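Participant: Fold the stuff below for me.
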Amino acid sequence: MMVSKLALVILGIMVISCCQIEASNVEHLDVMGGQLCQTCQELTTKAVFFLSANETRAEIVEALHEACFNIHSFKQQCMSLLDHYVPLFFLEVSKLQPKLLCQKVKLCGVTSVVDLLKQDNPCTLCHNVINQILTKLDDPDTQIEVIRTLLKVCNQVESYSNQCKKFVLEYGPIILANTEKFFEKTDICSVLHAFVFAKDVAVKLYHEIVSHRSTIRDPFLGLSCVAVCPMHRSSSSTVL
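Facilitator: Predicted coordinates for the structure are as follows:
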């Protein structure tokens, strides 16, 4: 389970980095019923709530510290970077607005795949979203932009700038490759629990979010729902 949580953090970093990349050959389309956009926002909301839990954060920090101990030559620098940037990352996660994020990654109002609009099943939509992210991660241009973004972050760490850049150049491609392999073999939609709601419940939820956007932490709690993506235990045990 901890591996899945760590993978979600890595995915978040990749998505945020990809937000700075202009998508090419993108068509402006009218998303049918806003289903794709809504699914993206629902999954993002779940991920933010998931990452806001103290237990989740503790496990993530523990996993990252263990990773630092395995990098013997940069262990102290790695620990210093984690102590400084992990709290900032969680702070940014808490301020993340699902709608804006989904717009930036072209899943709200804009998409490059017409077939995404033809699916009514939330589980299918979820898998299509993940496939789009995997496609971006597999794009060499995207990988280069991610590395460039991380190198820019290193410039902000004055005392460890060179060590940080060396770490990014040496381990960045490995992290990208392992992350892509993980999401190819793991049903993330099951990990995130893509839910399907009764029509009247969905409408009520929508109006509640619009009216109390700033106060709702987890709009999924307390609602009657059923998971539409069964857990695939054999694949979810994959490790990075």
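
Participant: Give the buried residues for the lengthiest helix in the chain.
Facilitator: Looking across the chain with DSSP state H, the single longest helix is helix 161-185. With burial defined by 16 or more other C-beta atoms under 10 Å, the residues of helix 161-185 counted as buried are Q163, C164, K165, F167, V168, G172, I175, L176, T179, E180, F182, F183. Using the backbone N, CA and C atoms, a C-beta is placed for each residue, glycine as well.

Participant: cool, stretch 140-149 as well?
Facilitator: For stretch 140-149, a neighbour-count test (16+ other C-beta under 10 Å) marks T142, Q143, E145, V146, I147, T149 as buried.

Participant: Kindly report the same for stretch 61-78.
Facilitator: L64, A67, C68, F74, Q77, C78.

Participant: For the buried residues of helix 161-185, give me CSV that also has distance to Q103 and pLDDT.
Facilitator: Formatted as CSV, the buried residues of helix 161-185 follow (distance: C-beta to C-beta, whole Å; pLDDT from 0 to 100):
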residue, distance to Q103, pLDDT
Q163, 36, 82
C164, 31, 81
K165, 31, 84
F167, 32, 80
V168, 28, 81
G172, 27, 80
I175, 26, 76
L176, 24, 76
T179, 23, 73
E180, 24, 71
F182, 26, 71
F183, 22, 69
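
Participant: the helices in this protein, which residues?
Facilitator: Going by DSSP H, the chain shows helices at 2-18, 35-52, 54-69, 75-95, 98-104, 122-138, 140-154, 161-185, 188-192, 199-211, 233-236.

Participant: Can you flag the weakest of these by average pLDDT?
Facilitator: Across the helices of the chain, helix 233-236 has the smallest mean pLDDT, namely a mean of 40.

Participant: contacting residues for the residue lying closest to C154 once chain neighbours are set aside?
Facilitator: Setting aside the residues directly before and after it, C154 is nearest to C164 in space (C-beta to C-beta, 6 or more residues apart in numbering), at 3.6 Å. Counting by C-beta atoms under 8 Å, 6 or more residues apart in numbering, C164 touches Q77, L81, V153, C154, V157.

Participant: Looking at those residues, spot the one nearest V105.
Facilitator: Distances from V105 to the contacts of C164, taken as C-beta to C-beta, are shortest for V153 (19.6 Å).

Participant: number of nearby residues for the closest one?
Facilitator: Around V153 there are 16 other residues, counting by other C-beta atoms under 10 Å.

Participant: now L96
Facilitator: Applying other C-beta under 10 Å, we find 15 residues neighbouring L96.

Participant: circling back: which pair of the contacts of C164 spans the longest distance?
Facilitator: Maximum pairwise distance in these, criterion C-beta to C-beta, is 13.9 Å, between Q77 and V153.

Participant: any idea of the pLDDT on H193?
Facilitator: Per the predicted model, pLDDT is 52 at H193.

Participant: Likewise for the one 4 residues further on?
Facilitator: For F197, the model assigns a pLDDT of 38.

Participant: Kind regards, and thank you for your time.
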